[in-house]
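Chemist: 3D model of this:
(2 chains)
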Amino acid sequence: MHALEFRQVSYSYGEGEFRIDNLSFTVEEGEFVAVLGHNGSGKSTLARLANGILTRDGGEISVFGTPLDEKHLYDVRREVGVVFQNPDNQTVASIVEDDVAFGAENVGTSREEIGRRIDFALHAVGMEEYRHATIARLSGGQKQRIAIAGVLALLPRIMIFDESTAMLDPRGRREIMEVIARLREEKKITVLVITHFPEEAALADRALVLNRGELVMQGTPAEIFSRREDLLTYNLDLPRIGSIEQALNEGGMSVSSTLDYRILADEIAKELTCGS
Amino acid sequence: MRIVAEHLNYTYNAGSPFAVQALKDVTLTIEEGEFFGILGHTGSGKSTFVQHLNGLIRLPRSLRRHPKREDPMPVLTVGEYDLTSKKTDYTALRQKVGMVFQYPEYQLFAETVAADVAFGLKNFADRKHRPTEGEISSAVHAALEAVGLDASVAEKSPFELSGGQKRRAAIAGVIVTRPEVLILDEPAAGLDPRGKREIMELLHRLHGDFCKTVIIVSHDMDEIAENCTMSAVFAEGRVTHVLPPRELFRRGEELEKMGLDIPLVAKLCLELRKRGIEVDCDFTAADFVRRILARKGEKA
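Modeler: Alright, predicted model coming up:
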């Protein structure tokens, strides 16, 4: 059984404007998948289709074997949590614990259970100390961790991060990526990360590349980033390290494509010191 | 316009339990013509500092009138404008110093792109010399052209544009008054790599043709290394370094100790040093590649 399955899914925002076209892919339980694609490629639409915020025009979506249809919409939505881009748009209460409880309260969780869920969720994102804090006084990264906790309180088995680090500073980005790594290891949550940052995609087990709503590439992040010509066709820029490797190779060196600057430094050092 | 700041202090919520001192004795000069990068963590005082430059944050009156004797008098001049004076004409200043906030596309509001871009121009206009419709229209079109937007978007709703286009439209609304100094807070944040590159290319074009000085506030060290002629580091309300990026990033280890990122090329240089190879480059990718290939050539 797949954690998430899209079978020939299509979706359009208006006549003839396809955002998702005949899209099929699967995500396995416990997997960490990155979704790449330039603006307008359909990445965010994919996230919204996966938990029924948008309703597909055609095809089938299922979550742990349960089809996403009218009858199962709320079951599926509880399994698939989505964290969005802007931390300020994802909080509803003014105090941390009230905000974290909001989603769970709305699905009728008992009071004692909500208490336990708040403990669990705040612990998972490393924000226990901020239980009674005012959200407005938190940093962007902290607010985003509260948004994640609010989703976690619903105990989803799949979490989708739709450019959830795009508005954060480098420190906030690191915090969120650490939380994601922990959720995978400790809570065995299946993770989909939609991102523009190659360094974030590099952490994934597998990467999908979307272009105009179609799945055009799929493989390990290292494989994807080594297919430079293809990336350029899909309007994706190489990560910075990739452009340096390419320029070195064009100048007559031979370094492999890696996303790790330490490995690149090793290879440059080897080329410059040993006989070639 | 040369910008000179000396001994600036600023405290948010002064006198309350939430008081936070955001600037501590900041002294910094930004010469005309620079492409200046300001970097530092969130909360380091970067934004507070740049908001002083067009009077969004003003020096506290008490300080202006009765400086404590032991404190050095603050100085803040932007070109001919002395912001410590009570008589500063802020409307005139704000035409000369354009400010583009983070995510400026969230501030678009008018029915058409043209009306949105014209807003600042109409509101800053001198009461005695109101610009004619013709003047407004030509200024709007020049601004749209400068940011690389096609004239056909002028009559569209700003909300029909793509994210990158919206950001350009918002920048057009600031440069339409022809500021001499253009300040942008995280101009490339939230864009995809291509969008980032395009915005930086746009800023270089504006720097040449439109505005004499460009100041960017950025977390992206690569962006600073690739684009800026001069840079300043803020940490905990103080200015810790004022150096051209090529000298600043030579102190990579020091910056890392401060918890700051360093550009990818600087990381590579540090790693190569550990392997006994010194690379003397300006920390742009192009220069790094050139120097490595030259080394390789010498060896062959």
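Chemist: Identify the residues contacting A:Ser44.
Modeler: Listed by C-beta atoms under 8 Å, 6 or more residues apart in numbering or on different chains, the contact partners of A:Ser44 are A:Asp162, A:Glu163, A:Ile194. C-beta: built from backbone N, CA, C; applies to glycine.
Chemist: wait, B:Gly163
Modeler: When the contact criterion is C-beta under 8 Å, 6+ apart, the partners of B:Gly163 are A:Asn39, B:Glu105, B:Gly190, B:Leu191, B:Gly195.
Chemist: Mind putting the residues you listed into CSV with secondary structure, neighbour count and distance to B:Val4?
Modeler: Supplementary listing: the contacts of B:Gly163 in CSV, determined by DSSP: H, G, I helix; E, B strand; the rest coil; neighbours: other C-beta atoms under 10 Å in any protein chain shown; distance: C-beta to C-beta, whole Å:
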residue, secondary structure, neighbour count, distance to B:Val4
A:Asn39, coil, 15, 40
B:Glu105, helix, 19, 33
B:Gly190, coil, 20, 33
B:Leu191, coil, 19, 33
B:Gly195, helix, 19, 34
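Chemist: Return the backbone torsion pair for residue 110.
Modeler: The chain I'm using is chain A. Backbone torsions of A:Ser110, given as degrees, to the nearest 10, read phi -70, psi 160.
Chemist: I was after chain B.
Modeler: Here the main-chain torsion angles of B:Ala110 (degrees, to the nearest 10) amount to phi -80, psi 170.
Chemist: ok, it - how many residues close by?
Modeler: A count of neighbours around B:Ala110, defined by other C-beta atoms under 10 Å in any protein chain shown, yields 15.
Chemist: Which residues are in contact with the nearest residue to it once chain neighbours are set aside?
Modeler: Setting aside the residues directly before and after it, B:Ala110 is nearest to B:Asp116 in space (C-beta to C-beta, 6 or more residues apart in numbering or on different chains), at 3.8 Å. Under the criterion of C-beta under 8 Å, 6+ apart, the neighbours of B:Asp116 are B:Leu108, B:Phe109, B:Ala110, B:Pro158, B:Ala169, B:Ala170, B:Gly173.
Chemist: right, and out of those, which lies closest to B:Gly43?
Modeler: Lowest distance from B:Gly43 to these (C-beta to C-beta) belongs to B:Ala170, with 24.7 Å.
Chemist: From chain A, how far out is that closest one?
Modeler: According to C-beta to the nearest C-beta, to the nearest Å, B:Ala170 stands 16 Å off from chain A.
Chemist: correct me, but that residue touches B:Gln107?
Modeler: Yes - applying C-beta atoms under 8 Å as the test, B:Ala170 and B:Gln107 come out as touching, 6.2 Å apart.
Chemist: Please identify which of the two sits among more neighbours.
Modeler: Between B:Ala170 and B:Gln107, counted using other C-beta under 10 Å, B:Ala170 has the larger neighbour count: 22 against 13.
Chemist: Which of the helices or strands spans the more buried one?
Modeler: The secondary structure element spanning B:Ala170 is helix B:163-175 (assigned by DSSP states H and E).
Chemist: send the alpha carbons of that helix over as PDB?
Modeler: Taking C-alpha atoms only, helix B:163-175 is exported to PDB below (Å, rounded to 0.1, in the frame of the first residue of the first chain):
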ATOM      1  CA  GLY B 163       4.700  36.600  -8.400                       C
ATOM      2  CA  GLY B 164       7.900  37.900 -10.100                       C
ATOM      3  CA  GLN B 165       5.900  40.400 -12.100                       C
ATOM      4  CA  LYS B 166       4.100  41.700  -9.000                       C
ATOM      5  CA  ARG B 167       7.400  42.300  -7.300                       C
ATOM      6  CA  ARG B 168       8.700  44.200 -10.300                       C
ATOM      7  CA  ALA B 169       5.500  46.300 -10.400                       C
ATOM      8  CA  ALA B 170       6.000  47.100  -6.700                       C
ATOM      9  CA  ILE B 171       9.600  48.200  -7.400                       C
ATOM     10  CA  ALA B 172       8.300  50.400 -10.300                       C
ATOM     11  CA  GLY B 173       6.000  52.100  -7.800                       C
ATOM     12  CA  VAL B 174       9.000  53.200  -5.800                       C
ATOM     13  CA  ILE B 175      11.400  54.200  -8.600                       C
END
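Chemist: returning to that earlier point: check what pLDDT the residue nearest to B:Ala110 gets.
Modeler: For B:Asp116, the pLDDT comes out at 95.
Chemist: Next: A:Gly275.
Modeler: Value for A:Gly275, per-residue pLDDT: 56.
Chemist: next one: A:Val92
Modeler: In this prediction, A:Val92 carries a pLDDT score of 90.
Chemist: and it, what does it touch?
Modeler: A:Val92 is in contact with A:Asp99, A:Phe102, counting by C-beta under 8 Å, 6+ apart.
Chemist: cool, and B:Asp185?
Modeler: B:Ser47, B:Val50, B:Met99, B:Val100, B:Phe101, B:Gln102, B:Val217.
Chemist: nearest to A:Arg182, of those?
Modeler: Ranking those by separation from A:Arg182, with C-beta to C-beta as the measure, puts B:Gln102 on top at 28.8 Å.
Chemist: What residues does that closest one make contact with?
Modeler: The contact partners of B:Gln102, taken as C-beta under 8 Å, 6+ apart, are B:Asp185, B:Glu186, B:Ala189.
Chemist: again with A:Cys274
Modeler: Applying C-beta under 8 Å, 6+ apart, one finds that A:Cys274 lies in contact with no residue.
Chemist: related to what we said a few turns ago, go through the contacts of B:Asp116 and single out the one with the most neighbours.
Modeler: For the contacts of B:Asp116, the largest number of neighbours (other C-beta under 10 Å) sits with B:Gly173, at 28 neighbours.
Chemist: Can you pull the phi and psi angles for the residue nearest to that one when sequence neighbours are not counted?
Modeler: The shortest distance from B:Gly173 to any residue that is not its chain neighbour, by C-beta to C-beta, 6+ apart, is 4.6 Å, and that residue is B:Val117. Recorded main-chain torsions at B:Val117 are phi -70, psi -40, according to degrees, to the nearest 10.
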